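Engineer: The following block contains a protein sequence and its predicted model.
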Amino acid sequence: MSDCERIRPLVPGYLDGELSEEQASPLRKHLLDCRACRTATQGEKALRGWFVAGEVIAPPAGFAAHVARRAFAGDRGERAPADPVGDPRSQGAVLNFVLAATAAAAVLVLLLAGGIGGVGLPTEGGLRADDVAPVTEAEVLRNLERLNRDAVGEADLVRPDPGSGRE
Ligand SMILES: [Zn+2]
């Protein structure tokens, strides 16, 4: 049985940090020497980067609110021309961009709510940016505040402090 054949089955456990030092040490040594196993391990690791179980990738605090505020304030974003008086066609494009950005922020919030709160997402197929009903800034900010509160509550549930039942 070659080193490679012994090493390969251990790679997933190694990436999950489940190996003892006794197992991990020869594996690391082999990876230094063996390009094929190194490539395989890196491929596996890159794949895992996309599917880290239980990890919530959170945007910076206030990110969605910031995006929503800017969108409602008519921010044109970096892609828009600097000249504020464009022709009506490009203004329409800018408006569409802002609406799309707003809708994208709303969808992002919805997805985060689903991920954080375990809230079921709508199962209808028609989750399209141009189907999103018009919303007011106040509405968006109110929802964001509610989501933030929910997120905090959920985080407390996920990491219970043993021996302490106080809020
Ligand atoms: Zn090898």
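Structural biologist: Sure thing, it's come through. Numbering: from 1, shown residues only.

Engineer: Tell me how many other residues crowd Tyr14.
Structural biologist: The local packing of Tyr14 (other CB atoms under 10 Å) involves 18 other residues. To be clear about C-beta, it is placed using only N, CA and C from the backbone, and glycine gets the same treatment.

Engineer: what's the answer for Val11, then?
Structural biologist: 18.

Engineer: who in the protein is up against the ion?
Structural biologist: Residues of the chain lying near the ion by CB under 5 Å from the ion: 4, 34, 37.

Engineer: Which among those count as buried?
Structural biologist: The neighbour-count test (16 or more other CB atoms under 10 Å) marks 34, 37 as buried among the residues of the chain next to the ion.

Engineer: export the residues of the chain next to the ion to TSV and tack on pLDDT, secondary structure and distance to Ala68?
Structural biologist: Shown next, in TSV, are these (pLDDT from 0 to 100; DSSP: H, G, I helix; E, B strand; the rest coil; distance: CB to CB, whole Å):
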residue	pLDDT	secondary structure	distance to Ala68
Cys4	94	helix	52
Cys34	95	coil	51
Cys37	95	helix	48
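
Engineer: Save the residues of the chain next to the ion as TSV, and put in distance to Val140 too.
Structural biologist: Formatted as TSV, the residues of the chain next to the ion follow (distance: CB to CB, whole Å):
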residue	distance to Val140
Cys4	54
Cys34	53
Cys37	50
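
Engineer: Please report how far Arg149 lies from Val67.
Structural biologist: 19 Å (CB to CB, to the nearest Å).

Engineer: Look at those two and report which has more neighbours.
Structural biologist: More neighbours surround Val67 than the other of Arg149 and Val67, with 21 against 10 (other CB under 10 Å).

Engineer: Identify the residue spatially nearest to the more buried one, adjacent ones excluded.
Structural biologist: Leaving aside its sequence neighbours, Val67 sits nearest to Ala105 (CB to CB, 6 or more residues apart in numbering; 4.5 Å).

Engineer: quick one: the one you found from Pro59, how far?
Structural biologist: 10 Å.

Engineer: With Tyr14 instead?
Structural biologist: For Tyr14, the distance to Pro59 - CB to CB - is 31 Å.
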